[in-house]
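J.: Make a model of this:
(one chain, ligands or ions: 2)
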Amino acid sequence: MSEAEPTIYKGLVGVYADVSAVSKVMPETNSLTYRGYAVQDLCEESNFEEVAYLLWHGELPTAAQLAAFQKEERANRAISPALLSVLRAIPKDAHPMDAVRTAVSFMGTEDPEAGDVSDAAQRRKAMRLLAKLPTAVAATNRLSKGLEPIAPDPSLPFCENFFHLVFGKVPQPEVIKSFDVSMILYAEHTFNASTFTARTVTSTGADMHGAITAAIAALKGPLHGGANEAVMHMLKEIGGPDKAGEWIHGKFDHKALVMGFGHRVYKSGDSRVPTMKKYAEKMAEVVGDRRWMETSRVLAEIMLREKKIHPNLDFPAGPAYYLMGFDIPMFTPIFVCSRITGWAAHVFEQAADNRLIRPLSQYTGEAQRPVKPIGSRG
Ligand SMILES: CC(=O)SCCNC(=O)CCNC(=O)[C@H](O)C(C)(C)COP(=O)(O)OP(=O)(O)OC[C@H]1O[C@@H](n2cnc3c(N)ncnc32)[C@H](O)[C@@H]1OP(=O)(O)O
Ligand SMILES: O=C([O-])CC(=O)C(=O)O
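T.: Numbers count the residues shown, from 1 in each chain. Ligands and ions are numbered 1, 2, ... in the order given. I've put the predicted structure just below:
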């Protein structure tokens, strides 16, 4: 008797794998909330540090809670001399995402609570990662250019310190605000591929650094976080708005993907795009260069008119980061510095009510057969 054919949910499309109270994506209204707060409101009324606290604790902080959170983050920013020598040993032309993945894995080996997966220890590890990631990301970027890393400045807030680490100076408030908004928008997005990876690793009982190392590997791919870099490479390849039409029709002819467009969950617009676009436009104003936003506008118009596909967050974030002065290979590592908050929130949630994640596969290979001795094969 033949077995009933199982239903295959390729790419897990439409599958609810668990419950979660961290965030909610509402594709029918193109909206997104973190712990019940609309991301647009968080962007206007709070900052990235408050959002990190919100994601980890479920509530926005009071002034005293925020001060304690910031104190702990600022106290943990330094990376060890051993990690710095690991980063120095990484080939200058390696992709920074590979360096950051390696850095997190290495940090796991030197973590003072390595092996402790209690909730309290996991939370302290997440704080250490939030604090140290910018230091490691900026050091990687500077070393790749033959520059010496800069020590973190504990007197600076998170976003200001990030610019200090990369450039040695803090830019004007409009730039900090645009960066802060990008960090809030990138912080969390339900069961995306990298978060689900982190939850899968956590479900085996493994620790925070293992889950985050795996999540970084998943985020690097161009279909996920790597798209913000791909968007900027694409805009530069196109060169300007007058060439965008011809360029994109060439892509259509070859049925190629246009990076920064489409989304597994949002089919009529990504909730985060209008806010990120507004702040990318502000960056174009600050820098006095509208070329990338104009090129983006033409691409988005054609994609919507001819393919009915909307841009995702990576589409405005790519040019925004470029206009802030970051090197393109830094864009996805910046995403890591933000998403560590969402990933860690999901690690806590998965561990608190765990069941090993282990789906089934329908076998389509050879029928069972005998193993022939090596001399009689072929
Ligand atoms: C932060 C983030 O991770 S956001 C996502 C960033 N990724 C990108 O920007 C990469 C480009 N986009 C894509 O590859 C896809 O849209 C994904 C991976 C994001 C979503 O994939 P899916 O949910 O499997 O796509 P979906 O099933 O909706 O695709 C429907 C159709 O639109 C097409 N399509 C989707 N996105 C694009 C795109 N960016 N360019 C051209 N065509 C596209 C698909 O090829 C498919 O065509 P078909 O029906 O002829 O086969
Ligand atoms: O939700 C997804 O699949 C991808 C995404 O937008 C994110 O991770 O921010």
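J.: make it CA atoms for all contacts and neighbour counts henceforth
T.: Fine.
J.: where do the strands sit along the chain?
T.: Listed in chain order, the strands of the chain (DSSP state E) span residues 23-26, 31-34, 37-38.
J.: most tightly surrounded among those strands?
T.: Highest mean neighbour count among the strands of the chain (mean count of other C-alpha atoms under 10 Å): strand 31-34, with a mean of 21.
J.: For the strands of the chain, give me JSON lines that also has mean pLDDT.
T.: Below are those laid out as JSON lines (pLDDT from 0 to 100):
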{"stretch": "strand 23-26", "mean pLDDT": "98"}
{"stretch": "strand 31-34", "mean pLDDT": "96"}
{"stretch": "strand 37-38", "mean pLDDT": "98"}
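J.: Counting by contacts, list what the helix ranked longest in the chain packs against.
T.: When the chain is parsed with DSSP state H, its longest helix is helix 119-144. Under the contact criterion of 3 or more C-alpha pairs under 8 Å, 6 or more residues apart in numbering; DSSP states H and E, helix 119-144 touches helix 63-75, helix 81-89, helix 96-110, helix 158-167, helix 208-219, helix 331-352.
J.: so what's R339 closest to, chain neighbours aside?
T.: Distances taken as C-alpha to C-alpha, 6 or more residues apart in numbering place A187 nearest to R339, at 4.4 Å, with adjacent residues excluded.
J.: Take the strands of the chain and lay them out in TSV including distance to ligand 1.
T.: What follows is the strands of the chain, written out as TSV (distance: least, C-alpha to the nearest ligand atom, whole Å):
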stretch	distance to ligand 1
strand 23-26	13
strand 31-34	13
strand 37-38	18
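J.: Quick one: name the residues of the chain near ligand 1.
T.: Residues of the chain lying close to ligand 1 (C-alpha under 6 Å from any ligand atom) are 222-225, 227, 257-264, 312-314.
J.: Farthest pair within the residues you listed?
T.: Pairwise distances across the residues of the chain next to ligand 1 peak at 15.9 Å for L257 and L313 (criterion: C-alpha to C-alpha).
J.: Between these two, which has more neighbouring residues?
T.: Neighbours around L257 and L313, counted as other C-alpha atoms under 10 Å, are more numerous at L313. The numbers are 26 against 12.
J.: What sits closest to that one if chain neighbours are left out?
T.: Using C-alpha to C-alpha, 6+ apart, the closest residue to L313 is V273 (5.1 Å).
J.: mind listing what the residue in the stretch 101-250 of the chain that ligand 1 sits nearest to touches?
T.: Per C-alpha to the nearest ligand atom, H224 is where the stretch 101-250 of the chain lies closest to ligand 1, at 3.3 Å. By C-alpha atoms under 8 Å, 6 or more residues apart in numbering, H224 lies in contact with 193, 218.
J.: Roughly how far does it sit from P171?
T.: H224 sits 29 Å away from P171, going by C-alpha to C-alpha, to the nearest Å.
J.: do A89 as well
T.: Remark: distance between A89 and P171 (C-alpha to C-alpha) = 31 Å.
J.: now S338
T.: Using C-alpha to C-alpha, S338 is found at 19 Å from P171.
J.: Of the two, which one has the most company?
T.: S338 (25 against 13).
J.: In contact with that one, which residues?
T.: By C-alpha under 8 Å, 6+ apart, S338 lies in contact with 183-184, 186-187.
J.: could you redo the last one with a cut-off of 10 Å?
T.: Neighbour list for S338: 48-49, 52, 130, 133-134, 180, 182-188, 332 [criterion: C-alpha atoms under 10 Å, 6 or more residues apart in numbering].
J.: mind listing which of these are in helices?
T.: 48-49, 52, 130, 133-134, 180, 182-186, 332.
J.: Read off the pLDDT value for the residue in the stretch 151-300 of the chain positioned nearest to ligand 2.
T.: Closest to ligand 2 within the stretch 151-300 of the chain is N192: 3.9 Å, counting by C-alpha to the nearest ligand atom. Looking at N192, its pLDDT reads 98.
J.: pretty sure it is in contact with Y186, am I right?
T.: No. Under the criterion of C-alpha atoms under 10 Å, N192 makes no contact with Y186, lying 11.7 Å away.
J.: if we can go back for a sec, got a quick ChimeraX command for the buried subset of the residues of the chain next to ligand 1?
T.: This is the ChimeraX syntax for the buried subset of those, where burial follows 16 or more other C-alpha atoms under 10 Å:
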select :222,223,224,225,227,258,259,260,261,262,263,312,313,314
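J.: filter the residues of the chain next to ligand 1 by proximity to ligand 2?
T.: 224, 264.
J.: Can you list which of the residues of the chain next to ligand 1 are found in helices?
T.: Among the residues of the chain next to ligand 1, the ones falling in helices (DSSP H) are 227, 314.
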